[in-house]
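below are the sequence and a predicted model; questions follow.
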Amino acid sequence: MTIGAYYQYQPLAPINGLGQEQTMEDVAAVAMQDALVKAYPVGIFVPWATELSEGQWQDVVSPENRYALYPVTASQLEAVEKAAMGQPVGFVATLSQRLLSMTEADQLFEGTPYEYFQTQGIFNEQDQAETPRVSYLYWGQLRDEDKRVGSYATLARQASGASVTLVYPVTLPIEGVARQQPWTQFAVAASNEQGEATQQSAQASSTGLGKKILFVGIAAAVGYAAYRWMKTR
């Protein structure tokens, strides 16, 4: 079976009633993958680093898998839970090209069935640059049943408010990955990108200020010319 344009990696046998090694979370995972059969991922991403503590990264030298990241909605998550006999999927994530603090990442999942678990630095395997563009994956794992609160709608709303994309990661084998792991350390790549973004923002601000000064100068010159013309009449 395929998901969109990509082959699905499905380690579970077909479910005809639960086997000894299959759990209700497995049922939910299969229901979600069935729901995504006609969908397309935003891309296939490879782990680059894991955030151990605030701003401290550990590079992933030899990743064991990669992720096809599928955008999902609150209504899709609700439908999958219903199809899985009331069992939500065990995890979701949010995708962004902006680094959030751990506190901000945690806030994405407040008041939802999920709790913040981990931040990963990732890259799109189709990015063939020597140092690919940095992306961030913020993982949420399903809360224990007695601590499960809120709704999928809250999760989707908070993701939208933070300008991140709510996704469901489908795990794929690392074999067949389109490129090698970057040589650049993730922390260095992320820092360089942040520096470039800050510089571009400063240049845009400076350009805007320059245009404003020019406009004021032109307006003043036109006003003075009109004043001189009126005075000579």
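In hand now; what should we look at?

residue closest to the middle of the chain?
L95 (0.4 Å; C-alpha atoms, centre = their mean).

quick one: that residue from M85, how far?
Going from L95 to M85 by C-beta to C-beta, to the nearest Å gives 29 Å. Placement of C-beta: from N, CA and C, glycine included.

please apply the same query to V134.
From V134 to M85 the distance is 39 Å (C-beta to C-beta).

which one's more surrounded, these two?
The neighbour comparison of V134 against M85 (other C-beta atoms under 10 Å) goes to V134, with 24 against 10.

got a list of what the closest residue to the residue nearest to the centre of the chain other than its chain neighbours touches?
In space, L95 comes closest to T165 once its chain neighbours are excluded; the distance is 4.5 Å by C-beta to C-beta, 6 or more residues apart in numbering. Contact analysis of T165 by C-beta atoms under 8 Å, 6 or more residues apart in numbering lists V42, L69, P71, T94, L95, S96, A159.

list the contacts for the residue nearest to the fourth one when sequence neighbours are not counted?
So that's T94. Spatial nearest neighbour of T94, chain neighbours left out: V164 (4.1 Å); criterion: C-beta to C-beta, 6+ apart. Contact analysis of V164 by C-beta under 8 Å, 6+ apart lists T94, L95, S96, R98, L100, L108, Y138.

narrow those to those in strands?
Among these, DSSP state E puts T94, L95, S96, Y138 in strands.

how near is the third one to G195?
The one in question is S96. As for S96, its distance to G195 is 18 Å (criterion: C-beta to C-beta).

before we move on, what about the second one?
In this structure, L95 and G195 are 22 Å apart, going by C-beta to C-beta.

still on that earlier bit, of the contacts of T165, which is the nearest to G55?
Nearest to G55 among the contacts of T165 is S96, at 16.1 Å by C-beta to C-beta.

pretty sure the closest one sits against V134.
No - assessed by C-beta atoms under 8 Å, S96 is found out of contact with V134, at 10.1 Å.

report the contact partners of the nearest residue to Y152 once chain neighbours are set aside.
Of all residues not flanking Y152 in the chain, A74 sits nearest, at 3.8 Å (C-beta to C-beta, 6+ apart). Neighbouring residues of A74 by C-beta under 8 Å, 6+ apart: S151, Y152, A153, L155, A156.
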